[in-house]
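Peer 1: How does the following fold in three dimensions:
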Amino acid sequence: MTQERTGVATFGGKPITLIGEELKIGDQAPDFRLNKDLLTEVCLADYAGKVKLISVVPSVDTGTCDAQTRRFNVEADKLGEHVVILTISVDLPFAQSRFCGAAGIDKVVTLSDYKNRDFGRAYGVLIKEIQLDQRAIFLLDANNTIRYVEYLTEMTSHPDYDAALRALSELV
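Peer 2: Model (predicted):
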């Protein structure tokens with residue numbers, strides 16, 4: 001049975017229930033199957049040998065998620081080919097593509113957890129009440145060991161960009 005966690009996060013001040021276990025620094029990152037578009041799925045092995053910053057957002061169609069994705073797109077331009085920034089949401093790939101085109105997002109890879117929310121469950125970010133993924137940041141080294149993690153306690157808040165980027169700079 002999948003673990004449910006209540007009382008650890010809010011959305012607009014209202015408590016939410018998260019499905020899945022909270023991951024910790026030093027854990028091996030769970031594999032995932034996410035959609036790059038409607039027909040193309042990717043998994044963790046598709047980014048083998050790279051440092052991965054995973055930016056999880058509830059929906060690219062909200063202000064905070066928009067800002068978070070734009071910020072990491074700017075930062076991605078400063079990184080080498082040995083680093084990939086993955087932005088994951090439950091948005092349909094059509095919506096992600098439309099958003100990226102309109103916003104000029106071209107350095108981060110957007111991936112969708114829309115089909116079955118397996119990423120959300122595996123990474124402990126699936127919000128039971130609304131079936132979106134909780135805002136979070138995961139930094140994986142080239143061997144998929146988690147080196148930094150931030151689960152936001154209030155979904156409308158921004159992550160600690162500077163802390164995530166400092167942790168990233170220590171790996172590259």
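Peer 1: Kindly provide the whole-number mean pLDDT of the helix ranked longest in the chain.
Peer 2: The longest helix of the chain (DSSP state H) is helix 63-76. Averaged over helix 63-76, pLDDT sits at 94.
Peer 1: which helices and strands does the next helix or strand after it pack with?
Peer 2: Downstream of helix 63-76, the next assigned helix or strand under DSSP states H and E is strand 83-89. Here strand 83-89 touches strand 51-56, helix 63-76, strand 109-112, going by 3 or more Cβ pairs under 8 Å, 6 or more residues apart in numbering; DSSP states H and E. Where you see a C-beta, it was placed from the backbone N, CA and C, and this is true even at glycine.
Peer 1: buried stuff in stretch 5-19?
Peer 2: The neighbour-count check on stretch 5-19 (16 or more other Cβ atoms under 10 Å) flags 5, 9, 11, 16, 18-19 as buried.
Peer 1: I'd like the mean pLDDT over it, please.
Peer 2: 92.
Peer 1: end-to-end on it?
Peer 2: 6 Å (Cα to Cα, to the nearest Å).
Peer 1: now do stretch 118-130
Peer 2: 15 Å.
Peer 1: in it, what's buried?
Peer 2: So, applying 16+ other Cβ under 10 Å, buried residues of stretch 118-130: 118-127.
Peer 1: mind listing which of these are in helices?
Peer 2: Short answer: the buried residues of stretch 118-130 in helices (DSSP H) are 118-122.
Peer 1: Just the closest of those residues to A164, please.
Peer 2: F119 (18.4 Å; Cβ to Cβ).
Peer 1: where do the strands sit along the protein?
Peer 2: Taking DSSP state E as the criterion, the chain contains strands spanning 4-11, 14-19, 33-35, 41-43, 51-56, 83-89, 109-112, 126-127, 136-140, 146-151.
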